[in-house]
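Peer 1: give me a 3D structure for the following:
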Amino acid sequence: MERTEPGVTELATGARYTRQKRALAELLQETTEFRSAQALHAALRDAGTRVGLTTVYNQLRGLADAGVVDTLRNAEGEVLFRRCNTDRHHHHLVCRSCGKTVEVEADGAEEWAARVAKQAGFSDVEHMIELQGTCRDCRLADR
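Peer 2: Numbering: from 1, shown residues only. Take a look at the predicted model:
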């Protein structure tokens with residue numbers, strides 16, 4: 001089921017609904033690209049929100065665990081975050097030049113992961129696939 005724009009309360013899940021959590025949720029709602037916790041923290045501070053970096057990390061981890069934000073690792077291994085637009089399991093195709101990200105479904109990958117897990121005697125296996133390449137706009141700009 002596709003998500004429409006999630007509300008701030010959906011993004012700010014958890015027991016305590018603090019001012020910092022609301023500010024982070026609102027920022028994520030406005031952000032379409034993947035951003036690091038440090039970049040989100042800086043944006044919050046620039047907007048006048050007093051919040052610690054540890055708080056931002058903790059909130060992002062909780063939102064990721066709840067499936068409300070997507071995560072991926074950039075080429076340097078840093079975890080990036082973005083509001084998730086779908087309830088379905090999906091993967092990401094990321095432009096290594098501009099960071100443009102496309103959510104993709106990969107039925108073949110699901111079957112492969114299940115087969116590999118079964119062959120190795122594993123169960124309850126989770127996976128995340130991130131494909132990196134160059135988007136059409138960046139490729140055309142390099143000509």
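Peer 1: Ala106 contacts Met128, correct?
Peer 2: No - here Ala106 does not reach Met128: they are 11.1 Å apart, not a contact under CB atoms under 8 Å. Using the backbone N, CA and C atoms, a C-beta is placed for each residue, glycine as well.
Peer 1: of the two, which one has the most company?
Peer 2: Applying other CB atoms under 10 Å to Ala106 and Met128 shows that Ala106 carries more neighbours, namely 15 against 12.
Peer 1: what does that one show for phi and psi?
Peer 2: phi -140, psi 80 (degrees, to the nearest 10).
Peer 1: OK, contacts around the residue lying closest to it once chain neighbours are set aside?
Peer 2: In space, Ala106 comes closest to His91 once its chain neighbours are excluded; the distance is 5.3 Å by CB to CB, 6 or more residues apart in numbering. Contact analysis of His91 by CB atoms under 8 Å, 6 or more residues apart in numbering lists 103-106, 109, 128-131.
Peer 1: where do the helices sit along the protein?
Peer 2: Assigned by DSSP state H, the helices in the chain fall at 8-11, 19-30, 37-46, 53-65, 107-119, 136-141.
Peer 1: list the contacts of Asp142.
Peer 2: Per CB under 8 Å, 6+ apart, neighbours of Asp142: Thr134.
Peer 1: if we can go back for a sec, quick check: of the contacts of His91, which lies closest to Gly52?
Peer 2: Using CB to CB, Met128 comes nearest to Gly52 of these, at 27.5 Å.
Peer 1: returning to what we had before: measure the residue nearest to Ala106 to Glu130 for me?
Peer 2: Using CB to CB, to the nearest Å, His91 is found at 7 Å from Glu130.
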